[in-house]
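>>> Just the structure for this:
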Amino acid sequence: MSVEQIYTGCLAEAAYFVQSNGEAAVIDPLRETTPYITRAADNGVKIKYIFLTHFHADFVSGHVDLAKKTGATIVFGPSAKADFDFHEAHDGEQFKIGDITLELMHTPGHTMESSSLVYINEEGKKEFIMTGDVLFIGDVGRPDLAVKSDLSQADLAGHLYDSLRNKVMKLPDDIIIYPNHGAGSACGKNMSEETFDTLGHQKEVNYALRADMTKEEFIKEVLTGLVTPPQYFPKNAGMNKGINKSYSDILASGLIAHTPDEFKELMENTEDIIILDTRHEQIFKDAFIPKTYNFNIDDNFAPWVGAVIENIEAPILIIADDGREEEVVTRLARVGYDNTIGYLKGGIEAWKEAGYETDSIVSISPKELKVKMMGKINIVDVRKESEFYAEHVAADNVVNRPLDFINKNMKEYDKNEEYYLHCVGGYRSMIAASILKAHGFNNVIDIAGGFNDIKEAGVKVTEYVCPTTML
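Next up is the predicted model:
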C-alpha cells in the first residue's frame, strides 16, 4: 500500500507517508525528521510535499526542518498564517504525487484552517481521507483549541457540523478514514482505540455523524463535557506557526553528558532550572536528587510534562536510564520543551559515588493503606475529576486534587500535614509526590499500584456520584 500510517502511541498521534512512482508526501509529521527522510531514502522516493492539516496544539511539528532538508513544499489549508514560507492551498486543489493525487478539502471547525486530504488512486477512485482533527474514529475534533480566534466555541462547532455534513459525509461509504489521533489524545473526548475505519461504519457508530442530528443538537453534544485543555496546547499551536530551534540543535544540547560535579554546578547556578528524573517511579522513590521531578519515560511522559510544567522555555537537566537519553530529549521536543541542556553521566549511582545527597519518598502498599485508614489520614486522589466521581475510596477525608492542576491546587496542601497520594496505577501519584516534595511538602506518601490495587486490597469504594460542577 502506498499510504503508511506512522502511529506514535505516547502522543496517540498518526503521521502519514504517502508515496507513488518516485515521489512522496508527509502528512502531519512529528518534530524529528529522521523517520521520514530514512523512509524516503529506503524507498527511493523524493519528498515533494509536507502537508499540515492544521496548526496542531498537542505537539510541535518538524515541518520547517523537514522542508529545509528535503526541499519539499509545506502546504496548509485556506486562511493559515505563519512566519515561514508555505503554499496556502484552496479548497479542492489537487497535488500530484507520482501516479496518485491528494485533493485538499477545506474542513474548518476544529480550527478555521483545518483541512482534510483525499487520496485519489490511479483509476480516479477516492480510497482514503486523512481527516486531521476534524473526524476521529468514534469522535470529532474539539472546537475550542483555535489560538486567538474571534469565533466562539459554538461558532466553530457549527463550522464543524457543516464540514462533516456537506463535505466528509458525502464521500463514498467505503472510503477509509485516517485520523490524526486515537484514544488517549486530548484533542477529542472519547476516541476509539482503532486508528482507521470506513466512513460507512462511522456513520453507524459515531455519535457526531447521526443522520438525523440537527446543527443545534450537534453543537450541544460536541461542547458538552469538554474539559480545560492542557496548558501547553496554546503554546504548541503558537510554535507551529513559527520557526523553532532545529531538532539537531536540540539533540546536540540535550545529549551533553555532565559529570556529577558539572551537573550540580548547573543545578545551583542556572536560573529557572528544572531537573527531570525519568526512571520508573518505584526506582526513583528510593534515591533521587533533591528537588527533582519524576516523570517515568515509559508512560505518557511528554503529555504529562506539558500539562504540569508551565515554563516551556525553562532549561532542563535530565536523569535517565543508560541509553535512553536521546529518547527523553526527543519526546520533550515533541511537545515544545526544547531547552534540555544535558544529562547526568552515570546516573544516580555516579551522583551517590560523588558523595552528594539524595532524597526519597515513602511508598506503601494498598494493604498498608487499609491498615492506616483505621485511623484518620488525609488521602489525596490525583486522578481527573471524571475518574474520581466515577469511583473513589470511601472515606470522609478523601479529596480530589487532579495532577493536571497541581500548580493551582498546591495551596490546598499544608506543610504540617501528612498526605497519602494515589492515582489509578501509581504513575501520576509519584509525579505529584515528587513535585510536592520539591516544594517543601515533606510528608507525602505514595500508594504503589494505585486505585486498581486499592480495590483489590478490599478498601471500600464509593458508587458513582455526579457533582453539581459536572452537570
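>>> Report the buried residues of stretch 192-206.
Going by neighbour count (16 or more other CB atoms under 10 Å), the buried part of stretch 192-206 is Ser192, Thr195, Phe196, Asp197, Leu199, Gln202, Asn206. C-betas here are computed from N, CA, C, even on glycine.
>>> what's the answer for stretch 46-63, then?
Applying a neighbour-count criterion of 16+ other CB under 10 Å, the buried positions in stretch 46-63 are 47-63.
>>> same thing with stretch 180-188?
Of the residues in stretch 180-188, those buried under the neighbour-count criterion (16+ other CB under 10 Å) are Asn180, His181, Gly182, Ala183, Ser185, Ala186, Cys187, Gly188.
>>> of these, closest to Tyr420?
Ranked by distance to Tyr420 (CB to CB), these are led by Ala186 at 27.8 Å.
>>> how far away is the closest one from Ser253?
Between Ala186 and Ser253 the distance is 28 Å, computed by CB to CB, to the nearest Å.
>>> just Pro290 next, same as before
24 Å.
>>> Check Gly440 too.
When CB to CB is the yardstick, Gly440 and Ser253 sit 30 Å from each other.
>>> who has more neighbours, the two?
Neighbour totals were compared for Gly440 and Ser253, and Ser253 leads with 17 against 9 (other CB atoms under 10 Å).
>>> Am I right that that one is in a strand?
No - checked against DSSP: H, G, I helix; E, B strand; the rest coil, Ser253 lies outside a strand; its state is helix.
>>> my read: Leu251 touches Glu326, true?
Yes - with contact taken as CB atoms under 8 Å, Leu251 and Glu326 are classed as touching, separated by 6.7 Å.
>>> what number of residues lie near Leu332?
A count of neighbours around Leu332, defined by other CB under 10 Å, yields 27.
>>> Ok, Tyr343 next?
Counted with other CB under 10 Å, the neighbours of Tyr343 add up to 26.
>>> packing partners for the least confident helix or strand in the chain by mean pLDDT?
The helix or strand with the lowest mean pLDDT-type score in the chain, counting by mean pLDDT, DSSP states H and E, is helix 385-390 (a mean of 91). Judged by 3 or more CB pairs under 8 Å, 6 or more residues apart in numbering; DSSP states H and E, the packing partners of helix 385-390 are strand 398-400.
>>> Go through the strand it packs on and flag the buried ones.
Neighbour-count burial for strand 398-400, with 16+ other CB under 10 Å as criterion, is recorded at Val398, Asn400.
>>> Tell me the helix or strand right after that strand.
helix 406-409 (DSSP states H and E).
>>> Now do the contacts for Ile289.
For Ile289, the contact set (CB atoms under 8 Å, 6 or more residues apart in numbering) comprises Met267, Ile275, Asp277, Ile319, Leu344, Ile348, Trp351, Tyr356, Thr358, Asp359.
>>> now Ser115
Here Ser115 is in contact with Thr53, His54, Phe76, Gly77, Pro78, Ala89, Leu104, Met105, His106, Thr107, Gly132 (criterion: CB under 8 Å, 6+ apart).
>>> What is the nearest of the residues you listed to Ile243?
The shortest separation between Ile243 and any of the contacts of Ser115 is 14.7 Å, and it belongs to Phe76 (by CB to CB).
>>> Quick check: the closest one vs His201, distance?
Separation of Phe76 from His201 (CB to CB) stands at 30 Å.
>>> For the longest helix along the chain, the averaged confidence score.
Across the chain, the longest stretch assigned as helix under DSSP state H is helix 153-166. For helix 153-166, the mean pLDDT works out to 95.
>>> So what touches it?
Applying CB under 8 Å, 6+ apart, the set of residues contacting helix 153-166 from outside is 106-112, 114, 134-135, 140-141, 143-144, 146, 149, 151, 208-209, 215, 218-219, 222-223, 226.
>>> same thing but at 7 Å, please
Applying CB atoms under 7 Å, 6 or more residues apart in numbering, the set of residues contacting helix 153-166 from outside is 107-110, 134-135, 140, 143-144, 146, 208-209, 215, 218-219, 222-223.
>>> Just the buried positions in stretch 246-256, please.
Of the residues in stretch 246-256, those with enough neighbours to count as buried (16+ other CB under 10 Å) are Ser246, Tyr247, Ile250, Leu251, Ser253, Gly254.
>>> ignore the last one, stretch 125-139
Buried residues in stretch 125-139, defined by neighbour count with 16+ other CB under 10 Å: 126-139.
>>> Likewise for stretch 93-107?
When burial is assessed from 16+ other CB under 10 Å, stretch 93-107 yields the following buried residues: Glu93, Phe95, Ile97, Gly98, Ile100, Thr101, Leu102, Glu103, Leu104, Met105, His106, Thr107.
>>> Any idea how far apart the tips of it sit?
Using CA to CA, to the nearest Å, the gap from the first to the last residue of stretch 93-107 comes to 13 Å.
>>> That stretch - what's its average pLDDT?
The average of the pLDDT scores along stretch 93-107 is 98.
>>> dump the residue contacts of Met373.
Residues Ala395, Val459 are the ones in contact with Met373 under the rule CB under 7 Å, 6+ apart.
>>> Counting neighbours, what do you get for Tyr119?
Tyr119 sits with 25 neighbouring residues when counted by other CB under 10 Å.
>>> Am I right that it is in a strand?
Yes - residue state for Tyr119 (three-state DSSP) corresponds to a strand.
>>> Just grab the bridge partners of the closest residue to it other than its chain neighbours for me.
Residue nearest to Tyr119 in three dimensions, not counting chain neighbours: Phe128, with 4.0 Å by CB to CB, 6 or more residues apart in numbering. Here Phe128 sits in beta bridges with Tyr119, Ile176, going by DSSP bridges.
>>> any idea how far Ala14 is from Thr224?
Shown here: Ala14 relative to Thr224, a distance of 26 Å by CB to CB.
>>> Looking at the two, which one has more neighbours?
Neighbours were tallied for Ala14 and for Thr224 using other CB under 10 Å; the higher tally belongs to Ala14 (21 against 8).
>>> Which other helices and strands does the helix or strand harbouring the more buried one contact?
Under the criterion DSSP H and E, the helix or strand holding Ala14 is strand 13-20. The contact analysis (3 or more CB pairs under 7 Å, 6 or more residues apart in numbering; DSSP states H and E) places strand 13-20 against strand 3-8, strand 23-27, helix 34-43, strand 176-179.
>>> Thought Gly62 was touching Ile74, still the case?
No - in this structure Ile74 lies outside contact range of Gly62 using CB atoms under 7 Å: 11.0 Å.
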